[in-house]
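> Quick one, structure for this:
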Amino acid sequence: MDAGEREAEKVLSTQESFSVIDQIRMTRRPVVVLSGGEPLLRNDVYDIARYGTEQGLRMVMGTSGYLIDHDIAGKPRTLALYSV
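Predicted structure coming up:
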């Protein structure tokens, strides 16, 4: 399915994403998978991943890999973010 050029309706804001992470953290320490469409299309995906990591969660990104370039390839390690 084509995700198009614009963000889907009702996508969580950065603050709403942080709130979901806080709620998940209160229940257990699960793995949180950032997926979507393509999570790398979000300008704040690394902010969300960093916040989850700082909260003690294991953050994973499910990406097609299509948008990964040299700069992006080095970021997951600095965030303790895993790609699948």
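> Output the longest helix belonging to the protein.
helix 14-27 (DSSP state H).
> Now that one: buried residues?
Buried residues in helix 14-27, counting neighbours by 16 or more other Cβ atoms under 10 Å, are found at 17, 18, 21, 24. Any C-beta I mention is one placed from the backbone N, CA and C, and that applies to glycine too.
> Tell me which residues touch the first one, please.
When you say that, I think you mean residue 17. 44, 48, 51 (Cβ atoms under 8 Å, 6 or more residues apart in numbering).
> Same question for the last one.
When contacts are counted by Cβ under 8 Å, 6+ apart, residue 24 touches 30, 32, 57.
> contacts for stretch 34-43?
3, 7-8, 45, 48-49, 59-64, 66-68, 72.
> looking at the residues you listed, which has the most residues close by?
residue 49 (25 neighbours; other Cβ atoms under 10 Å).
> so that one touches residue 61, yeah?
Yes: with contacts counted by Cβ atoms under 8 Å, residue 49 reaches residue 61, the gap being 6.9 Å.
> Report the beta-bridge partners for the most centrally placed residue in the chain.
For the chain, residue 34 is the residue whose C-alpha lies nearest the centre (Cα atoms, centre = their mean; 3.8 Å). Beta-bridge pairing for residue 34 (DSSP bridges): residue 61.
> And residue 32, how close does it get to residue 38?
Using Cβ to Cβ, to the nearest Å, residue 32 is found at 17 Å from residue 38.
> looking only at pLDDT, what's the mean for stretch 75-84?
For stretch 75-84, the mean per-residue pLDDT is 63.
> same check, this time on stretch 12-22
So the average pLDDT for stretch 12-22 ends up being 92.
> So what's the gap between that stretch and the chain middle?
11 Å (Cα atoms, centre = their mean, to the nearest Å).
> try stretch 42-61
Chain-centre distance of stretch 42-61: 5 Å, with Cα atoms, centre = their mean.
> Could I get the buried residue list for it?
Within stretch 42-61, the residues scored as buried using 16+ other Cβ under 10 Å are 42, 45-46, 48-53, 55, 57, 59-61.
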